[in-house]
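Asks: Sequence below, structure please.
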Amino acid sequence: MDYFHDIESLFEEWNEALQSGDPSRVTDLYAFNAVLLPTLSNRVRHGQAEIEDYFRGFLAKHPSGARVEQSNIRVYGDTALNSGIYVFAFTPPDQEPYSVRARFTFVYHWHGDRWLIVEHHSSLMPEEGR
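Replies: From the prediction side, this is the model:
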């Protein structure tokens, strides 16, 4: 089994869900007890209901998806990690487009017939020179 390709494709599935604009489609990729440490909020989200609430606001900013600058995939049995750096471009209504660069870590767990996100941490990159 090509685990590297499987995990890489999970990120693409997540990115496509973001581009759909449907927060429930994004949330379906997370385990029922997943934890999200989000990019654009200081509040940690526990479980699918709180994660969906975060993505409802996030998707209102109209992200065009994430472009990965660096990805580091590791697989340990029924657990996999993908960490690195991605850039989001946003085109919110009535605002100028902008982008953010962030570090990410996705932790996936095999749930019988599919991989689900059990932990997702995304944080803005520190400013240069600080």
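Asks: Glu50 belongs to a strand?
Replies: No: counting by DSSP: H, G, I helix; E, B strand; the rest coil, Glu50 falls outside a strand, being helix.
Asks: Which residue is the nearest non-sequential neighbour of it?
Replies: Nearest residue to Glu50, sequence neighbours excluded (CB to CB, 6 or more residues apart in numbering): Leu36, at 7.5 Å. Bear in mind the C-beta positions are built from the backbone N, C-alpha and C, glycine included.
Asks: repeat for Ile117
Replies: Looking at Ile117 with CB to CB, 6+ apart, the closest residue is Tyr30, at 4.6 Å.
Asks: Touching, the one you found and His120? I think so.
Replies: Yes: if you go by CB atoms under 8 Å, Tyr30 and His120 touch, sitting 7.3 Å apart.
Asks: what sits in contact with each of the two?
Replies: Taking CB atoms under 8 Å, 6 or more residues apart in numbering as the criterion, Tyr30 and His120 both touch Leu36.
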